[in-house]
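# only geometry, no sequence info:
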C-alpha cells in the first residue's frame, strides 16, 4: 500500500459522509449569507418614502432618484403613520414625505418643501437628511433648468424637462474622490467581502479539526494495525493521511473562494497572494486536524472539543469581529492564534490592495504555525501507530 492509496481511501470515506459534506459546503455558505446580509448596508442610510396621494411624473422621478441614490437604502410605505412607526422602532434613519401637488406647484413656479422626519435623539438621522437634501437639490436643479429653458424658448415644461434630462446625461460630471495619503484600513470591506474570507478562515480550521475524528475512528477499528502488518510503514500511513486532509482543506477553501466570487461578487485581491494565503492556511488546518486525530482517544472527544476550540480561536483571532475594535491587550492575545494573522492578511489584500510582498510577514507567521503543527502531528501520529498498534 502506497501513501497515495491511503490518501484515496481517506478521501473516498470522507466524501461519502453526508454529514461531513454538510459542514464542509452548506453550513459555511449559509453563515456567509447571514453575516454578509447583516453587516452590509452600514454605509447607507435607511430611508422610508411616503408617496403623495396625487403623484405625477415629477414626483415619481424624485422618488426614483431617492431609491437609486447610492448613499440611501429606501423603502416605500403606504401611509405616513406606518413610516413614523418604523422610525420610532429605529428601523429607519429618516422618513421622506412626498408633498401633494408637487407636479402642479412645479409647473406653476411655486416653491415646494419636501418634509424629512427624523428622531431627535438619533445621530444617523442628520446624516440621512444631508444625503436626502443632496438628491433633492440635484432634482431641483434639473427642474430649474427646465423652467428656465421653457421661459427662454417658449417650449412646454415637459419638453424642456426632457431636454434637461438629456443634457444632464450627456454632460461629463466632475467626479470627486477622497483618498487618505498613506492611509491604512484596519477593517475588511462590509457585506460579503467581510463574511466570506473570515468564514473561510474559521471553517477550514474547524472542519480540519473535526476531520481528525476520521483518523481516530480508523485507529479504533484496527485499520492501521492491519495495514502495519503488511509491508507498510507508519511513515507512509502518516504521509497519506496528511495529504488527504490537506486536499480536503484546499478543496473547501476553493469552494468558498469560488462561491464568494461567483455568487457574492467578492474580490479576492492579488491572485498570487490569495493563492499562497489559501494554501498556507490549508496547511495550518491540516496540521491541526492530524494532530487532533493523533491525540484524542475517541471520535466523540474530537466532535465535542474540536469545534468549540476552533470557534474559540476564531473569536480570539478576529473571525467574528475586527481586532481593531478591541482593547490592545486583547488584540495582542488574539495574535497568539493563527486566525488573527490570516485575517490580517486578508484585510491587507481586500482593503489595501496588497500583494504578496505586503502579506509576507503574515504568511511567514502562518508558515511557522503550519510547520510546527505538521511536525508535531506527524511525530504524534507516528508514535501512536508504532507504540499502540494503531489504536
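Now that the structure is in, tell me what you want to look at. Quick caveat: nothing in here was measured; it's all calculated off a predicted structure.
# This structure: strands as residue ranges?
45-50, 72-76, 94-97, 115-117 (DSSP state E).
# From the contact counts, what lies against the third one?
In other words, strand 94-97. Packing partners of strand 94-97 (3 or more Cβ pairs under 8 Å, 6 or more residues apart in numbering; DSSP states H and E): strand 45-50, helix 80-88, strand 115-117, helix 123-153. Where C-beta positions appear, they are placed from N, C-alpha and C, glycine not excepted.
# Please name the residues that touch residue 261.
Residues near residue 261 by Cβ atoms under 8 Å, 6 or more residues apart in numbering: 267-268.
# which intervals of the chain have sub-threshold pLDDT?
Residue ranges of the chain with pLDDT under 70: 1, 17, 20-21, 23-25, 32, 34-43, 122-123, 168-192, 388-391.
# Tell me which of the strands of the chain sits most buried.
Stretch with highest mean neighbour count among the strands of the chain: strand 94-97 (a mean of 24; mean count of other Cβ atoms under 10 Å).
# picking up where we left off before, would JSON lines of the strands of the chain with distance to residue 213 be doable?
Formatted as JSON lines, the strands of the chain follow (distance: least, Cβ to Cβ, whole Å):
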{"stretch": "strand 45-50", "distance to residue 213": "45"}
{"stretch": "strand 72-76", "distance to residue 213": "44"}
{"stretch": "strand 94-97", "distance to residue 213": "52"}
{"stretch": "strand 115-117", "distance to residue 213": "57"}
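# Residue 262: which of those is closest?
Residue 262 sits nearest to strand 72-76 of all the strands of the chain, at 24.7 Å, using Cβ to Cβ.
# Who does that closest one pair with, and is each partner parallel or antiparallel?
Sheet pairing for strand 72-76, assigned by DSSP bridges, gives strand 45-50 (parallel).
# Give me the contact list for the strand it pairs with.
Contacts for strand 45-50 (Cβ under 8 Å, 6+ apart): 63, 66-67, 71-77, 79-80, 83, 86-87, 91-98, 124, 127-128, 131-132.
# same thing with stretch 327-345?
Contacting residues not belonging to stretch 327-345 are listed as 188, 197-198, 201-202, 205, 277, 281, 284, 313-314, 316-319, 323-324, 326, 359, 362-363, 365-366, 369 [Cβ under 8 Å, 6+ apart].
# contacting residues around the spatially closest residue to residue 136 that is not a sequence neighbour?
Once flanking residues are discounted, residue 136 sits nearest to residue 114: 5.4 Å by Cβ to Cβ, 6 or more residues apart in numbering. Residues in contact with residue 114 (Cβ under 8 Å, 6+ apart) are 62, 96-99, 132, 136.
# Please pick the buried ones from these.
Neighbour counting over those (16 or more other Cβ atoms under 10 Å) leaves 62, 96-98, 132, 136 as the buried ones.
# Pull the most distant pair out of the contacts of residue 114.
The widest separation within those, taken as Cβ to Cβ, falls between 99 and 132 and amounts to 13.6 Å.
# Tell me how far the most centrally placed residue in the chain lies from residue 364.
Centroid check for the chain by Cα atoms, centre = their mean gives residue 195 as the closest residue, at 2.3 Å. Here residue 195 is placed at a distance of 27 Å from residue 364 (Cβ to Cβ, to the nearest Å).
# do the same with residue 215
28 Å.
# what's the answer for residue 155, then?
Taking Cβ to Cβ, one finds residue 155 at 70 Å from residue 364.
# neighbour count winner among the two?
Between residue 155 and residue 364, counting by other Cβ atoms under 10 Å, residue 155 is the more crowded of the two (15 against 12).
# number of nearby residues for the spatially closest residue to that one that is not a sequence neighbour?
Once flanking residues are discounted, residue 155 sits nearest to residue 149: 6.8 Å by Cβ to Cβ, 6+ apart. Residues contacting residue 149 under the criterion other Cβ under 10 Å number 18.
# Same check on residue 9?
Residue 9 - counted by other Cβ under 10 Å - has 17 other residues nearby.
# What of residue 59?
The number of residues near residue 59, taken as other Cβ under 10 Å, comes to 21.
# Find the nearest non-adjacent residue to it, please.
residue 102 (4.3 Å).
# from the contacts of residue 114, which is closest to residue 288?
The closest of the contacts of residue 114, once distances to residue 288 are taken by Cβ to Cβ, is residue 132, at 50.8 Å.
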